[in-house]
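Engineer: What follows is a predicted protein model with its sequence.
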Number of protein chains: 2
Amino acid sequence: MRVRPWFGAGLRSTDGCDRGAAGGGRRSAGRVIHTAVTISVGDELLAGETLDTHGRHLAEALAARGCRVLEHRVAGDDVEAIAAAIRDGAARAGLVVVTGGLGPTLDDVSRDAVADAMNSPLVEDAEARRDLEAWYAGRRRPMPIGNLRQTLRPEAATCLANPNGTAPGLRGRLDDAEVVVLPGPPREMHPMLERVLESLALATPRPAIVVRASGIGESDAASLIESLMERDNELPVATTVSQGILSARIRGRDERDRPRLEAMASTIEAAWRPFTFGRDDVTLAETVGVELTRADLTLATAESCTGGMIGAAITDVAGSSAWYRGGWVTYENQRKVEDLGVDPLVIERDGAVSKAVVTAMAAGAAQRSGADLGIATSGIAGPDGGSAEKPVGTVWIGIADADGVEARCFRFPGDRSVVRARAVAMALQMVRFRATGVEASLLWERAGAS
Amino acid sequence: MRVRPWFGAGLRSTDGCDRGAAGGGRRSAGRVIHTAVTISVGDELLAGETLDTHGRHLAEALAARGCRVLEHRVAGDDVEAIAAAIRDGAARAGLVVVTGGLGPTLDDVSRDAVADAMNSPLVEDAEARRDLEAWYAGRRRPMPIGNLRQTLRPEAATCLANPNGTAPGLRGRLDDAEVVVLPGPPREMHPMLERVLESLALATPRPAIVVRASGIGESDAASLIESLMERDNELPVATTVSQGILSARIRGRDERDRPRLEAMASTIEAAWRPFTFGRDDVTLAETVGVELTRADLTLATAESCTGGMIGAAITDVAGSSAWYRGGWVTYENQRKVEDLGVDPLVIERDGAVSKAVVTAMAAGAAQRSGADLGIATSGIAGPDGGSAEKPVGTVWIGIADADGVEARCFRFPGDRSVVRARAVAMALQMVRFRATGVEASLLWERAGAS
């Protein structure tokens, strides 16, 4: 292992490849990095073909280390556009992170762009070349000649080893900023990002609390906490809604604000009760699990219009088998009859999207699985199947337990996927309410429907 | 209705509100708009709290009208940052679209930012005020005083009516660019975007074809079409992978390239056969539906580790009830035994994640639902539950039909959600293969496992 100086920042590097960073022991001797600009690269992102999820991942990882993202950009597979975004970012922030465009194909040009931005010519990295040859040798496959492009780096940059793929990352300096380029595939990008962030000097995290709720409208929720929302307060509250979940985010400046944040979060939770279900990254399904476990209850699902989405949300929670007995996807009426014991005459009389059918489905799911609670959905998600009486967005949700059955009718706005997502959130909130003895109207509920 | 000139572009506008655009009859008399820069606004996006999906929606809508997105940016709730992004965008593109930051709360500052960028003071829009008062009156609710901010617009801009919410959009000109600001909630943003795009002069769409495949690795796939991937070709091919789906996108310059695009797409489809399952926006579940319908077959699901995700993917397809008989979420062993008839001694002997159990699950699902085909999953999605013999990522997928049962073992890389998503894609691909008589190894398959 040769030791050589790292571009003035006092870091060591081995033969151009920043392997030592894996140990996490080295930190930049320079000033602390407080700000970042992140860049996702790919024509497919600007064409609307692929959803850019890297922006959020980078933001989460950086925020967790107290590094504020000033801006995120999406650039196409274009050397000049990427280079310009890197230069702009380096002028504004202490760290620029680029993801994507390091693949072996000719539309992958992030390498060329960083060379251009750093004004440093591309050279072959001997160690990266050995790694790449070893990668293919280990898999007993010939190396496509195109992959040799992946061994190039700007002369003034280093390679970051990639144990999960063929594309090494890149790391260099531009003006006063660190510039890091990571491969696009998440399972290559995520661990490499962790290693790089370990080795950078980052600030202390700014404390933040997010309060989560479901079943209440954003403006109603906002008016309940109006005084807290004023910017005059030093700690701003921001509300957002997504997939039927309402979130209020409060951020402090440093750890000394923690007690005030806690007090504010408690105030919001109280104002939004009974709709609040947790804080930070907790999901509604996780809270349902905690509350069912506390009440020593188990749950079964019977899904028609949600077609398995409630089961999928529940089993997304590791360990959910402790309280989830399983479920039925009874998209077809015959399954509602045979698997859940719904009376076919009732389906004929009231239709599958009805109070009588969802209550029978819920009761059947609970009884047949031996669960304490059964939850069932039946609705018209669209685009077809709506009528004047039951328009698209009409969803009945039924719940059954030892005390009996109950059903609520909703009229969800949105397209098929939005209607289904909202039905999942309201169904889980109904389970929570039932498990904890809460009675309250939910957003989009049609009181008095039958 | 008063008619007044629109900032030199020859458009009419009514009392500051661009209602006439709904008719779609008016078009800018100016030059055709070919390029756009899009901007999503919100601190929650830069904090990694919320996933930015507006970028993709805007890109899709613009690309469909032949308008190329040069860059997408995410800016925080900060007047200067948003104003700078608008100015940069207007200098580069013919259209700047901003989403978000029009809400009633004090952290919503896009209105101030566009006023700043246009150097035009905020004034109250009389019609927007009447609309807002009517909105609350119609709902018999008092108007929160904070909402009055939503009636402000830059003096040199117009308001865009919002039938689905309280925040009007904004439209103005900066240098040679149209600047449009839309509210953040998708059900307000999407229809307003459609109306605005109707009224703008946009270019003819550039033709594009996306070929979709699943079950083959990206580099293997790339090497099969290496010659097509060369940039020397006038029509570039770009490949991407997401959620177990591999996509190859080919773009033409104008409609005259359509025949060549078709030929190239056919070449890729042939090279990737049998893994290709469709083009453009088709999902694997949709193709499964088409092929099952063609073969007059029906399907049932039995899901353990995927917990309802296959059912959810299938029922995401409108009309899937024609070929989907329904399913079981048998996350718990007791359900595998009672609902699907799996022998408890087999579970004891081989474990729930085993060839014998998934084949019995698949056979049970088909038999009990009367479906022609049954597909079943059982695996270790993690983070816990792995062992040396069956590490996290091990998933057995079983399939049953009149010809008998078959099971394959996979070792998927990735975290819990990635393992589950990949299992869904491979299960659906196995159904396709079975329905069409294809025999081929799939990516991540552990040949010879038992």
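Structural biologist: In hand now; what should we look at?
Engineer: The closest residue to A:Val395 other than its chain neighbours: how many residues sit nearby?
Structural biologist: Spatially, and ignoring its direct neighbours in sequence, A:Val395 is nearest to A:Gly379 (3.0 Å; Cβ to Cβ, 6 or more residues apart in numbering or on different chains). Where C-beta positions appear, they are placed from N, C-alpha and C, glycine not excepted. Neighbourhood size, A:Gly379 [other Cβ atoms under 10 Å in any protein chain shown]: 26.
Engineer: Surely A:Gly379 and A:Met309 touch.
Structural biologist: No - between A:Gly379 and A:Met309 there is no contact under Cβ atoms under 8 Å: 11.9 Å.
Engineer: overlap in contacts of the two?
Structural biologist: Common contacts of A:Gly379 and A:Met309 (Cβ atoms under 8 Å, 6 or more residues apart in numbering or on different chains): A:Ala423.
Engineer: Residues of the stretch 1-150 of chain A that sit close to chain B?
Structural biologist: Within the stretch 1-150 of chain A, the residues that sit near chain B (Cβ under 8 Å from any Cβ of the partner chain) are A:42-53, A:55-63, A:68-77, A:81, A:85, A:104-107, A:144, A:146.
Engineer: And the helices in the stretch 101-250 of chain A, which stretches?
Structural biologist: In the stretch 101-250 of chain A, the segments counted as helices under DSSP state H, counting those that start in this stretch are A:110-118, A:126-138, A:186-199, A:218-224, A:226-229.
Engineer: how about the strands in the stretch 251-400 of chain A?
Structural biologist: Under the criterion DSSP state E, counting those that start in this stretch, strands of the stretch 251-400 of chain A are mapped to A:276-279, A:299-303, A:324-329, A:373-379, A:394-401.
Engineer: per-residue pLDDT, the residue sitting furthest away from the middle of chain A?
Structural biologist: Computed with Cα atoms, centre = their mean, the residue of chain A farthest from its C-alpha average is A:Leu345, at 43.6 Å. pLDDT, A:Leu345: 97.
Engineer: Please report how far it lies from chain B.
Structural biologist: Per Cβ to the nearest Cβ, to the nearest Å, A:Leu345 is found 20 Å from chain B.
Engineer: Next: A:Arg139.
Structural biologist: Look at A:Arg139 and chain B: by Cβ to the nearest Cβ, they are 10 Å apart.
Engineer: Now A:Phe410: phi and psi?
Structural biologist: With angles defined as degrees, to the nearest 10, A:Phe410 sits at phi -120, psi 160.
Engineer: Tell me what it is bridged to.
Structural biologist: Per DSSP bridges, the residues bridged to A:Phe410 are A:Val395, A:Glu445.
Engineer: Wait, it touches A:Ala447, no?
Structural biologist: No - A:Phe410 lies out of contact with A:Ala447 (Cβ under 8 Å); the separation is 10.6 Å.
Engineer: more crowded one of those two?
Structural biologist: Applying other Cβ under 10 Å to A:Phe410 and A:Ala447 shows that A:Phe410 carries more neighbours, namely 22 against 8.
Engineer: quick revisit: among the helices of the stretch 101-250 of chain A, which is the most enclosed?
Structural biologist: Among these, helix A:110-118 has the highest mean neighbour count (mean count of other Cβ atoms under 10 Å in any protein chain shown), at a mean of 25.
Engineer: tell me which strands and helices that one is in contact with?
Structural biologist: Other helices and strands packing on helix A:110-118, by 3 or more Cβ pairs under 8 Å, 6 or more residues apart in numbering or on different chains; DSSP states H and E, are helix A:79-92, strand A:95-99, strand A:122-124, strand A:152-154, strand A:169-174, strand A:177-182.
Engineer: Pull the distance from stretch A:266-278 to the chain's centre.
Structural biologist: Centroid separation for stretch A:266-278 versus its chain: 22 Å, with Cα atoms, centre = their mean, to the nearest Å.
Engineer: residues of that stretch that come out buried?
Structural biologist: A:267-269, A:271-272, A:274-278 (16 or more other Cβ atoms under 10 Å in any protein chain shown).
Engineer: Redo the residues you listed as JSON lines? Include pLDDT and distance to chain B.
Structural biologist: Putting the buried residues of stretch A:266-278 into JSON lines (pLDDT from 0 to 100; distance: Cβ to the nearest Cβ, whole Å) gives the following:
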{"residue": "A:Thr267", "pLDDT": "94", "distance to chain B": "16"}
{"residue": "A:Ile268", "pLDDT": "95", "distance to chain B": "14"}
{"residue": "A:Glu269", "pLDDT": "96", "distance to chain B": "17"}
{"residue": "A:Ala271", "pLDDT": "95", "distance to chain B": "15"}
{"residue": "A:Trp272", "pLDDT": "96", "distance to chain B": "16"}
{"residue": "A:Pro274", "pLDDT": "96", "distance to chain B": "21"}
{"residue": "A:Phe275", "pLDDT": "97", "distance to chain B": "18"}
{"residue": "A:Thr276", "pLDDT": "97", "distance to chain B": "17"}
{"residue": "A:Phe277", "pLDDT": "97", "distance to chain B": "16"}
{"residue": "A:Gly278", "pLDDT": "96", "distance to chain B": "14"}
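Engineer: In contact with A:Gly165, which residues?
Structural biologist: A:183, A:185, A:187-188.
Engineer: now with 6 Å?
Structural biologist: By Cβ atoms under 6 Å, 6 or more residues apart in numbering or on different chains, the residues touching A:Gly165 are A:183, A:188.
Engineer: chain center to stretch A:325-334: distance?
Structural biologist: Here the centre of stretch A:325-334 is set off from its chain's centre by 28 Å, with Cα atoms, centre = their mean.
Engineer: which parts of stretch A:322-336 are buried?
Structural biologist: A:323-333, A:335-336.
Engineer: With stretch A:438-448 instead?
Structural biologist: Within stretch A:438-448, the residues that count as buried by 16+ other Cβ under 10 Å are A:442-445.
Engineer: if we look at it, which residues are touching it?
Structural biologist: When contacts are defined by Cβ under 6 Å, 6+ apart, stretch A:438-448 is touched by residues A:215-217, A:274, A:408-412, A:426.
Engineer: Over to stretch A:52-60?
Structural biologist: So stretch A:52-60 is contacted by A:38, A:40, A:45, A:69, A:72, A:74, A:97, A:99, B:46-48, B:51 (Cβ under 6 Å, 6+ apart).
Engineer: Just flag the most distant two among those residues.
Structural biologist: Maximum pairwise distance among these (Cβ to Cβ): 20.3 Å, between A:Leu45 and B:Ala47.
Engineer: what's the burial count for the closest residue to A:Arg129 other than its chain neighbours?
Structural biologist: In this structure, A:Arg129 finds its nearest non-sequential neighbour in A:Thr151, 4.3 Å apart by Cβ to Cβ, 6+ apart. Residues near A:Thr151, counting by other Cβ under 10 Å, number 23.
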